[in-house]
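> turn this into a model:
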Amino acid sequence: MALSINELIAKAQDRYEKTVDIKADFIQEATIKSMNKTDREEGVFYFKNPRRMVWDYTKPKKKKLVINPHTAWLYIPEDSMVYVQDAESILKSKVSIRFLAGLGKLKDDFSISFAGSDHVDREGNFLLKLVPKERDFGMEELFLALDKEKLQITRLSFTDGYGNTTRLFFRNINVNNKLPEKFFTFIPPAGVEVYHNR
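From the prediction side, this is the model:
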């Protein structure tokens, strides 16, 4: 029997609330419309409730973004630089991060419907369209694919007000890895320059 959109969201919400943390490989593709250029990056994503995440980029260049409820650090080894800023400013400016940090409130933040007439992709994963209820989210709509069995996000995409598109793909998703709190704090290596963005 097919699930209604409300049943599906309720099930996904229940799964999310039972998830302490997540580790997954990711691919990020960002297309800048004005330049007709797409950048592709890969790495490992870590998430822990509430509002803790690490984006550990490995290709094509190493960099690390660490976020906890108070502080965000962006470390770029190639430049020997660490940029430190308030976590709230990152959550406001980066749509994908804000979305993933607040996954528990999907129905509060979005009007949700199935995307397309079939509701599923070729593998049977659920396809959803999310329209922000607040205009300050920085995008018109967001598309998600949820794994048909585990109801985890396997990909998401959105386009901002300038026509730039971001796509994220998640694989090898593991939940409840007992990630320690200190994993979501960054101590700059010796000798790097630390820039505080206030």
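> show me where the protein has its strands.
21-32, 37-48, 52-59, 63-67, 71-76, 81-86, 110-114, 126-132, 139-146, 153-160, 165-175, 193-197 (DSSP state E).
> please save the CA atoms from the last one in CSV.
Once side chains and other backbone atoms are set aside, the C-alpha atoms of strand 193-197 remain, and they are given as CSV (Å, rounded to 0.1, in the frame of the first residue of the first chain):
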residue,chain,number,x,y,z
GLU,A,193,46.6,31.8,10.8
VAL,A,194,43.3,32.1,12.5
TYR,A,195,40.8,34.7,11.2
HIS,A,196,37.8,35.6,13.3
ASN,A,197,34.9,36.7,11.1
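> model confidence over it, on average?
Mean per-residue pLDDT for strand 193-197: 92.
> equivalent analysis for the fifth one, please.
Mean per-residue pLDDT for strand 71-76: 96.
> between strand 81-86 and that strand, find me the angle.
In terms of direction (axes from the mean of the first three to the mean of the last three CA atoms, to 10 degrees), strand 71-76 departs from strand 81-86 by 160 degrees.
> looks like Thr166 contacts Val95 (just checking).
Yes. Thr166 is within contact range of Val95, at 7.4 Å (criterion: CB atoms under 8 Å). All C-beta atoms are positioned from the backbone trio N, CA, C, and that covers glycine.
> residues shared between the contacts of those two?
Counting by CB atoms under 8 Å, 6 or more residues apart in numbering, the residues touching both Thr166 and Val95 are 158, 160.
> please export the C-alpha coordinates of the least confident helix or strand in the chain by mean pLDDT as CSV.
In the chain, no helix or strand scores lower on mean pLDDT, DSSP states H and E than helix 95-101, which sits at a mean of 74. Taking Å, rounded to 0.1, in the frame of the first residue of the first chain, the C-alpha atoms of helix 95-101 are listed here in CSV:
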residue,chain,number,x,y,z
VAL,A,95,21.0,26.7,2.7
SER,A,96,22.2,23.1,2.6
ILE,A,97,23.8,23.4,6.1
ARG,A,98,20.8,25.1,7.6
PHE,A,99,18.5,22.5,6.1
LEU,A,100,20.5,19.5,7.3
ALA,A,101,20.9,21.0,10.8
